[in-house]
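In: have a look at this fold, sequence not included:
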């Protein structure tokens, strides 16, 4: 029923229909048009995703839906640039009529001054040296330049909240949406009335600094030498040329000449044609080809576009690249099965580009990607290093959830993430659970970007870290830390696997001790390091995030959230002295507290909370926010699976799901706010007041070598945690009282 408040919207990464209410209602007055699920072509793309009946309803002038949509479109057009023809729902140009594609040469690319200068230089060298070469920029530079052009920006609305933020079109910029404020807003204090609240919602595209230039009649090294000779003859600086010889394993099938010109690294390559054998992704035959042949041998139509430097025009040799960019579709120049079997790595590249650009995969490509022959070829012909690199790039993309969902839907997940034999039978369930947790984590982080609680604000994070002398690098929030987000996505997706192995490891603990060190690696480390060839440092940090998430979950479940609330209500605070920033001062209820001697039960309770949190924070360090959000999202996911009832004197009071979710989020917000208020950010960098030599020589002179010395240092750390800003004399007195036998 098109008049109902929920209707089906086709999502690009799932073969299922999902109620729009789960995201945003298009017509509700409080909706957020700029955040609605419009993936590729703005309003026009949304309408084209409707079923025929829905289209006819929208296209009937005077119908309630038509009128309401026209009002909505008129309202949102002030925030989203919508071409007039995409709003025309009647007549010969109605949306049931497909828009004809335009000649690629009509596409305008905006060049920077440096790019203009570079291309002018190359044209001049080609002409004055008597060369007949046609120079074409190939690959991602052309695609990204077109996407950044005015025409394509007008028809696209980015949903990547982590990069572009949210614009609430229903309210003036200066009005906050109180309904979505979190409990921590009570503890924020006055906000800055001059702060900008109108983030850019346009599709952000990074202009590349690497440019591939394809030559049609000579080797790249020959052209680079001609370029240097011309520069020398004209008294200009020449550039060293690096020659990358053929290395098919690294996808270098013909010789490439690399040189830096101005601020650009340029790869001079040849147009090429290639043929593959059945047992390798390495071409069996490689030769200089025509532009058409070069386009057809590429992985995707959107990557097969050229920018002809000689003529200053875009060339679409496949005839489909521009149209696929407009429609937001990932497809292949040749039949998909042929393309994927020639080089199975292309199936992962297809998934990655769909996620990076928030495009859909064509139905033909999805069918080919799910073919068992492609899975077998991916396993046999592609090195694990290349697979791991593609996964890493997927998780760095705009939509890591969409990428992992595609791997699951296409049946590629078990090939990409091969599990130990004992997990194979339920591997699909584990990855489905991981996908659900990843989706919840990504969605919650987007919510934190749109409506940041106190602990997700960069300015407050920096202020909180000042207590322990840590700066911006140590206090960066997740929205500003791409690498931390990448590690969080790994941790969220693989957390169910870790939880399953942890629960089954108790019986095998004794057997594990007998194994060599490498064999003692957890299943997470083995998967990331041995199978995906990720750096051991990354794998360690992913596992630390998982373990710290479990620690936070345990603290909250043991009632530390109540302790956190008492911290906020009592006004217990640890901060640096405004006049002497190296000095830490404590207060409660706006009264100064002497950390060495304070015995108020409320203060001592707050310090016990500080000690418990410090243990978890020291183990995870700057990645604590990633672990904290993972813990929170696990609880939110569990809440969605449980139906809670509370019985009071025979009456059953059922909490709604929204109330349960709100309660969990409030707990975690209070918990994080309390940690920041107690100066715990950066506690992992805390240095001891007295070093080991001083303890041995003048404080505990009888202390023996061995484990007991570690006990003394741990006791010092705990005392400093529960007595922030305490004196050195107070610490020495405590150590002597605690270890009298060594004093």
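Out: Arrived safely. Just so it is clear, the structure is predicted and the values come from calculations on it, not from any experiment. Residues are numbered from 1 along each chain as shown.
In: every contact and neighbour count from this point should use C-alpha atoms.
Out: Will do.
In: tell me where the stretch 401-550 of the chain has strands.
Out: Assigned by DSSP state E, counting those that start in this stretch, the strands in the stretch 401-550 of the chain number zero.
In: who touches stretch 556-576?
Out: For stretch 556-576, the surrounding residues in contact (C-alpha atoms under 8 Å, 6 or more residues apart in numbering) are 187, 464, 466-467, 555, 582-590, 602-603, 605-606, 609, 667-668, 670-671, 673-675, 677-679, 724.
In: can you do 7 Å?
Out: 467, 582-590, 606, 609, 667, 670-671, 674, 677-679 (C-alpha atoms under 7 Å, 6 or more residues apart in numbering).
In: end-to-end on it?
Out: Start-to-end span of stretch 556-576 (C-alpha to C-alpha, to the nearest Å) is 27 Å.
In: now do the buried residues in that stretch.
Out: 556, 560-561, 563-568, 570-576 (16 or more other C-alpha atoms under 10 Å).
In: looking at these, which is nearest residue 353?
Out: residue 556 (39.2 Å; C-alpha to C-alpha).
In: spell out the secondary structure type for the closest one.
Out: Of the three states, residue 556 takes helix under DSSP: H, G, I helix; E, B strand; the rest coil.
In: show the pLDDT at it.
Out: Listed pLDDT for residue 556 reads 92.
In: please apply the same query to residue 560.
Out: Residue 560 is assigned 88 on the pLDDT scale.
In: same deal with residue 217?
Out: 86.
In: where does it fall, phi/psi-wise?
Out: phi -140, psi 10 (degrees, to the nearest 10).
In: how close does it sit to residue 122?
Out: On the measure of C-alpha to C-alpha, residue 217 and residue 122 end up 15 Å apart.
In: so where does the closest residue to residue 715 other than its chain neighbours fall, helix or strand?
Out: Spatial nearest neighbour of residue 715, chain neighbours left out: residue 735 (7.6 Å); criterion: C-alpha to C-alpha, 6 or more residues apart in numbering. Using DSSP states H and E, residue 735 maps to helix 728-738.
In: mean confidence score for that helix?
Out: For helix 728-738, the per-residue pLDDT averages 94.
In: list the buried residues for it?
Out: So helix 728-738, judged by 16+ other C-alpha under 10 Å, has buried residues 731, 732, 734, 735.
In: contact partners of it?
Out: Contacts for helix 728-738 (C-alpha under 7 Å, 6+ apart): 596, 689, 699, 700, 743.
In: roughly how far is the longest helix along the chain from the heart of the chain?
Out: For the chain, the longest helix by residue count, based on DSSP state H, is helix 427-450. Taking C-alpha atoms, centre = their mean, to the nearest Å, one finds the center of helix 427-450 at 12 Å from the center of the full chain.
In: helices or strands up against it?
Out: The helices and strands touching helix 427-450, judged by 3 or more C-alpha pairs under 7 Å, 6 or more residues apart in numbering; DSSP states H and E, are helix 161-164, helix 400-409, helix 482-503, helix 624-641.
In: deepest of the ones you listed, which one?
Out: Sort those by mean neighbour count, taking mean count of other C-alpha atoms under 10 Å, and helix 400-409 sits at the top with a mean of 24.
In: run the chain-centre distance for that helix.
Out: That offset, for helix 400-409, works out to 13 Å (C-alpha atoms, centre = their mean).
In: against residue 560, how distant is residue 227?
Out: From residue 227 to residue 560 the distance is 68 Å (C-alpha to C-alpha).
In: before we move on, what about residue 626?
Out: Distance from residue 626 to residue 560, by C-alpha to C-alpha: 19 Å.
In: so of the buried residues of stretch 556-576, which ones are in helices?
Out: 561, 563, 564, 565, 566, 567, 568, 570.
In: just to revisit the earlier point, just the buried ones from the contacts of stretch 556-576?
Out: 467, 584-588, 606, 609, 667, 670-671, 674, 677-679.
In: let's see which of those residues end up in strands.
Out: Here DSSP state E is the test, and those give 584, 585, 586, 587, 588 as lying in strands.
In: now those as a markdown table including distance to residue 640?
Out: What follows is those, written out as a markdown table (distance: C-alpha to C-alpha, whole Å):
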| residue | distance to residue 640 |
| --- | --- |
| 584 | 43 |
| 585 | 43 |
| 586 | 40 |
| 587 | 40 |
| 588 | 38 |
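In: among those residues, which pair sits farthest apart?
Out: 584 and 588 (13.9 Å).
In: the helices and strands packed on helix 427-450: which one's closest to residue 345?
Out: helix 400-409 (13.1 Å).
In: elements contacting that closest one?
Out: helix 345-357, helix 427-450.
In: so can I have JSON lines of these showing distance to residue 255, mean pLDDT and mean neighbour count?
Out: Compiled in JSON lines, the helices and strands packed on helix 400-409 are given as follows (distance: least, C-alpha to C-alpha, whole Å; pLDDT from 0 to 100; neighbours: other C-alpha atoms under 10 Å):
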{"stretch": "helix 345-357", "distance to residue 255": "21", "mean pLDDT": "95", "mean neighbour count": "24"}
{"stretch": "helix 427-450", "distance to residue 255": "41", "mean pLDDT": "89", "mean neighbour count": "21"}
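In: columns distance to residue 485 on top of those helices, output as a markdown table?
Out: Output for the helices and strands packed on helix 400-409, formatted as a markdown table (distance: least, C-alpha to C-alpha, whole Å):
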| stretch | distance to residue 485 |
| --- | --- |
| helix 345-357 | 15 |
| helix 427-450 | 9 |
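In: looking at those, which is closest to residue 416?
Out: That would be, of the helices and strands packed on helix 400-409 and by C-alpha to C-alpha, helix 345-357, which comes in at 9.1 Å.
In: contact partners of that closest one?
Out: 299, 330, 340, 360-361, 369, 378, 382, 390, 393-394, 397-400, 402-403, 406.
In: just stretch 701-714 next, same as before
Out: With C-alpha under 7 Å, 6+ apart, stretch 701-714 has contacts from 696, 742, 743.
In: residue contacts, the last one?
Out: This points to residue 743. Taking C-alpha under 7 Å, 6+ apart as the test, what residue 743 contacts is 699, 700, 701, 702, 736.
In: if I look at the third one, how far off is residue 673?
Out: To residue 673, residue 701 is 42 Å away according to C-alpha to C-alpha.
In: neighbour count for the two, which is higher?
Out: Each of residue 701 and residue 673 has its neighbours counted (other C-alpha atoms under 10 Å); residue 673 has more, 24 against 14.
In: quick one: the strands in the stretch 201-350 of the chain?
Out: Using DSSP E, counting those that start in this stretch, strands in the stretch 201-350 of the chain cover 210-215, 241-244, 256-261, 264-270, 272-276, 283-288, 306-308, 313-315, 329-330.
In: and those, which is most packed in?
Out: strand 329-330 (a mean of 25).
In: give me the pLDDT for residue 493.
Out: Listed pLDDT for residue 493 reads 97.
In: mind checking how far the nearest residue to it once chain neighbours are set aside is from residue 496?
Out: In this structure, residue 493 finds its nearest non-sequential neighbour in residue 434, 4.1 Å apart by C-alpha to C-alpha, 6+ apart. For residue 434, the distance to residue 496 (C-alpha to C-alpha) stands at 6 Å.
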